[in-house]
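J.: Here is the input, now give the coordinates:
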Amino acid sequence: MAEKENKSITHVIFDMDGLLLDTEKFYTEVQEIILSRFNKTFDWSLKAKMLGKKAIEAARVFVEETGISDSLTAEDFLIERESMLEEMFPTSELMPGASRLIKHLHASGVPICVATGTHKRHFALKTQRHGEIFSLMHHIVMGDDPEVKQGKPSPDIFLAAARRFEGEAVHPSKILIFEDAPSGVLAAKNAGMSVVMVPDPRLDSSFHETADKVLSSLLDFDPAEWGLPPLPMQQNQPRACLR
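T.: Model (predicted):
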């Protein structure tokens, strides 16, 4: 685990899917439906390879790893799942602790933003019930942003997000990323930034090792460990750390 006592974080970047919003279950459900046509099952070893990637990149992994690429192209897979996802996305719920942490950091004057592989149209559907929370972000960088040439684990999206904070350029060592996906954790490290991972409990623990800290929930995050303003109600409470 990284040494955090020397950390002095000034800026925070959040991933969205599976971290702030409970949307990954929708992708899983739709992918299970599609694979059932081919008498195949969708498991978490495959899910781990898809998490956090741009849609087309994840789609290629899906059709190739499942051996259905001769029957279903990555592009056709995206088209097929689209109508199902569009019905599900507006029901997205916030993950535990997301609202409290975002409101606390914003009220404390900590610059925060979102860096998500989701493109604009899906972002609007996923966040339509949560406008208040996402309005607290200084800015939001999406997967179809022209500055994001490559998806995670490339650092493009986090570097683009860092550049858009106001004022002088922010050194990567001053930025903390929140991620749930292995590819996102790697992207953060490739950007030279610190990363707290909040993984799905079904994700194999071997994917935890690259992160600076692994938590079971955003509710367990202690801002003071990173030089950020402490949560008033969290002082002296035990926190669950997976390592």
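
J.: wait, isn't residue 80 in contact with residue 34?
T.: Yes - using C-beta atoms under 8 Å, residue 80 is in contact with residue 34, at 6.2 Å. The way it works is simple: take the backbone N, C-alpha and C, and place the C-beta from them, glycine included.

J.: shared neighbours of the two, anything?
T.: residue 72 (C-beta atoms under 8 Å, 6 or more residues apart in numbering).

J.: For the protein, give me the ranges with low pLDDT.
T.: Under the criterion pLDDT under 70, the flagged ranges of the chain are 1-6, 233-243.

J.: how about a cut-off of 90?
T.: 1-7, 52-54, 232-243 (pLDDT under 90).

J.: mind listing the strands for it?
T.: For the chain, the strands defined by DSSP state E cover 11-14, 112-116, 139-142, 175-179, 194-197, 213-214.

J.: Now render those as JSON lines, adding distance to residue 66 and mean neighbour count.
T.: Output for the strands of the chain, formatted as JSON lines (distance: least, C-beta to C-beta, whole Å; neighbours: other C-beta atoms under 10 Å):
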{"stretch": "strand 11-14", "distance to residue 66": "30", "mean neighbour count": "24"}
{"stretch": "strand 112-116", "distance to residue 66": "25", "mean neighbour count": "24"}
{"stretch": "strand 139-142", "distance to residue 66": "27", "mean neighbour count": "19"}
{"stretch": "strand 175-179", "distance to residue 66": "25", "mean neighbour count": "27"}
{"stretch": "strand 194-197", "distance to residue 66": "26", "mean neighbour count": "24"}
{"stretch": "strand 213-214", "distance to residue 66": "28", "mean neighbour count": "22"}
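
J.: what's the closest of those strands to residue 89?
T.: strand 112-116 (12.8 Å; C-beta to C-beta).

J.: So which elements touch the closest one?
T.: When contacts are defined as 3 or more C-beta pairs under 8 Å, 6 or more residues apart in numbering; DSSP states H and E, strand 112-116 sits against strand 11-14, helix 98-107, strand 139-142, helix 156-163.

J.: can I get those in a markdown table with distance to residue 60?
T.: As requested, the helices and strands packed on strand 112-116 are exported to a markdown table (distance: least, C-beta to C-beta, whole Å):
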| stretch | distance to residue 60 |
| --- | --- |
| strand 11-14 | 26 |
| helix 98-107 | 30 |
| strand 139-142 | 20 |
| helix 156-163 | 18 |
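
J.: measure residue 68 to residue 183 for me?
T.: Using C-beta to C-beta, to the nearest Å, one gets 22 Å for the distance from residue 68 to residue 183.

J.: any idea which helix is longest in this protein?
T.: helix 74-88 (DSSP state H).

J.: buried stuff in it?
T.: Neighbour-count burial for helix 74-88 flags 74, 77, 81, 84-85, 88 (criterion: 16 or more other C-beta atoms under 10 Å).
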